[in-house]
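Trainee: Need coordinates for the below:
(chains A, B, C and D)
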2 protein chains.
Amino acid sequence: MSSLDSRIRSDLEGKIRSGEWPPGARIPTEHELVAHYGCARMTVHKAITALAAAGLIERRKKAGSFVARPHVQTAVIEIPDIAAIIAARGETYLFVQLQSARARSTALGEASSLAGFYLGPDVLALDGLHVAAGRPFCLEHRLISLAAAPEAADTDFSATAPGSWLLGHIPWTQARHRITACVAGAGGEALQIGRNAPCLQVERWTWRASQPVTFVRQLFPGDRYDLVAEFTPD
Amino acid sequence: MSSLDSRIRSDLEGKIRSGEWPPGARIPTEHELVAHYGCARMTVHKAITALAAAGLIERRKKAGSFVARPHVQTAVIEIPDIAAIIAARGETYLFVQLQSARARSTALGEASSLAGFYLGPDVLALDGLHVAAGRPFCLEHRLISLAAAPEAADTDFSATAPGSWLLGHIPWTQARHRITACVAGAGGEALQIGRNAPCLQVERWTWRASQPVTFVRQLFPGDRYDLVAEFTPD
DNA sequence: GTCGATATTTTGTCTAGACATTATCGGCTG
DNA sequence: CAGCCGATAATGTCTAGACAAAATATCGAC
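Mentor: Numbering: from 1, shown residues only, chains lettered A, B, ... in the order given. Okay, the predicted model is just below:
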């Protein structure tokens, strides 16, 4: 926190963010910074390396270190467990299972829409509704690979959201998210909104050690949920 | 890339991701790893510190290092410049200005909706349309603080997207994003879709050195754009 | 002047220690 | 048994070097 390297780092970061060192400018060499701060090179190196990892500067051997030119806005969005979202709002949370089926994946018509994401021959298909403060909050359609999560076959998801359960049982996943806007369509009835109401749709494909584990499609009424991303590159 | 510390790091990471070391498990101490890999402690320390920064492990003095229990899914989404999105698709890009006005911010009715985001007394208000391959792609409404970006007053935005211009002139910002689903509403005409068509709305508030710079609201037809986030924590 | 080999500068990685910090453990005391 | 308190074990930071790798700069030959 107040270690020397972090002080050096925020010192340099301040000069960049304030514009004192504009994009493209060359910053002092490690050697010069060592002389300036009166410390070992490793200490300066650690500070500069962290700035480079954060994308604020670019380093080139022999040439030096330069303030980077921003090109993309990256934002970190957190997609927490839905139960956690609702708990944070101070509302009561409930999960209701609508349908559950165990099937051979080839029997699932949608298998083809999951291009390149083959969950194995044995798949659990679950439909459920997340309810916040008595109002429908999110309609969820989920497929779970029983090869990757065999315990799921013996678990009762009638009141437990499969997302929370999976997070606790098949953790440390790799995932891909897709966020789109669409109309509620057939899901409008369960969500108690019109078929033409706009919804935020989050799709997530999840792997564990490169083995597909689960796919989920979540539909949020547009007026009940939004994603907020604070972006403080550091 | 193939330095010793990165090899140690991916070695440990593999044991975590494969489940060999489940969440909550204690991983070997730095001392033990030094003995195992036959290197200096700094080298092991660098590898472990990187894993801790990535959130894969938690470290507690005296107690040791433990595989973290995942609780939130964080995803890094990149929100690139719209021109870059379209260029990446290999389509032609065009920006069309619809309206431009310089105003006292109190004269803008919406000022109140930007709670806590006061752009200063002198504001530039711009409406424009991003066009990809001849079709409307994004409707944009933007406010620029002339206190933060005085050069904007003398710039011609009739064909230059203000977003690209700002990125090059007032870089290294801090930002907040909000992503919602809504209907096109009045914007439906400019986008050549129905008023009830679902849209992805991205709002972004931008600061530079804690000074508000710009606010933008972008409306994407739901079927023409989606956000994709690859999540490979590392 | 142009090309190419060599020197130099700058960053990247690593070592073998030192001391600081802090939470836990175990024992001592009341 | 409860509570305090010091020993200890683990991480956190830092040093003063060393060598490696890479890219630029320089100088010489032609």
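Trainee: Is any residue of stretch A:143-153 near chain B?
Mentor: No: using Cβ under 8 Å from any Cβ of the partner chain, stretch A:143-153 never reaches chain B; the gap is at least 10.6 Å. C-beta here means a position set from N, CA and C on the backbone, and glycine is covered the same way.
Trainee: What's the end-to-end length of that stretch?
Mentor: Distance between the boundary residues of stretch A:143-153 (Cα to Cα, to the nearest Å) amounts to 12 Å.
Trainee: how distant is it from the center of its chain?
Mentor: 22 Å (Cα atoms, centre = their mean, to the nearest Å).
Trainee: mind checking pLDDT for the residue in chain A sticking out farthest from the centre?
Mentor: For chain A, the largest distance from the centre (Cα atoms, centre = their mean) belongs to A:Ala35, which lies 41.9 Å off. pLDDT recorded at A:Ala35 is 97.
Trainee: secondary structure class for it?
Mentor: helix (DSSP: H, G, I helix; E, B strand; the rest coil).
Trainee: same deal with the one 4 residues further on?
Mentor: For A:Cys39, the reduced secondary structure class is coil; criterion used: three-state DSSP.
Trainee: can you check the one 3 residues further on too?
Mentor: Here A:Met42 takes the helix state, with states given by three-state DSSP.
Trainee: How about A:Ala88?
Mentor: helix.
Trainee: Please apply the same query to A:Arg204.
Mentor: Three-state call for A:Arg204 (three-state DSSP): strand.
Trainee: for chain A, what spans make up the strands?
Mentor: Here chain A has its strands, by DSSP state E, at A:26-27, A:57-60, A:64-67, A:72-80, A:93-104, A:122-132, A:135-145, A:174-183, A:198-208, A:211-221, A:227-231.
Trainee: Those strands into CSV, with extra columns for mean neighbour count and distance to A:Ala161?
Mentor: Shown next, in CSV, are the strands of chain A (neighbours: other Cβ atoms under 10 Å in any protein chain shown; distance: least, Cβ to Cβ, whole Å):
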stretch, mean neighbour count, distance to A:Ala161
strand A:26-27, 16, 49
strand A:57-60, 16, 43
strand A:64-67, 18, 46
strand A:72-80, 18, 12
strand A:93-104, 14, 4
strand A:122-132, 20, 7
strand A:135-145, 22, 8
strand A:174-183, 20, 17
strand A:198-208, 23, 14
strand A:211-221, 22, 10
strand A:227-231, 17, 19
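Trainee: Reformat those strands as JSON lines; add mean pLDDT and distance to B:Met42.
Mentor: Listed next are the strands of chain A as JSON lines, based on pLDDT from 0 to 100; distance: least, Cβ to Cβ, whole Å:
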{"stretch": "strand A:26-27", "mean pLDDT": "97", "distance to B:Met42": "25"}
{"stretch": "strand A:57-60", "mean pLDDT": "96", "distance to B:Met42": "20"}
{"stretch": "strand A:64-67", "mean pLDDT": "96", "distance to B:Met42": "22"}
{"stretch": "strand A:72-80", "mean pLDDT": "77", "distance to B:Met42": "29"}
{"stretch": "strand A:93-104", "mean pLDDT": "88", "distance to B:Met42": "46"}
{"stretch": "strand A:122-132", "mean pLDDT": "93", "distance to B:Met42": "47"}
{"stretch": "strand A:135-145", "mean pLDDT": "94", "distance to B:Met42": "41"}
{"stretch": "strand A:174-183", "mean pLDDT": "90", "distance to B:Met42": "29"}
{"stretch": "strand A:198-208", "mean pLDDT": "91", "distance to B:Met42": "32"}
{"stretch": "strand A:211-221", "mean pLDDT": "93", "distance to B:Met42": "35"}
{"stretch": "strand A:227-231", "mean pLDDT": "73", "distance to B:Met42": "32"}
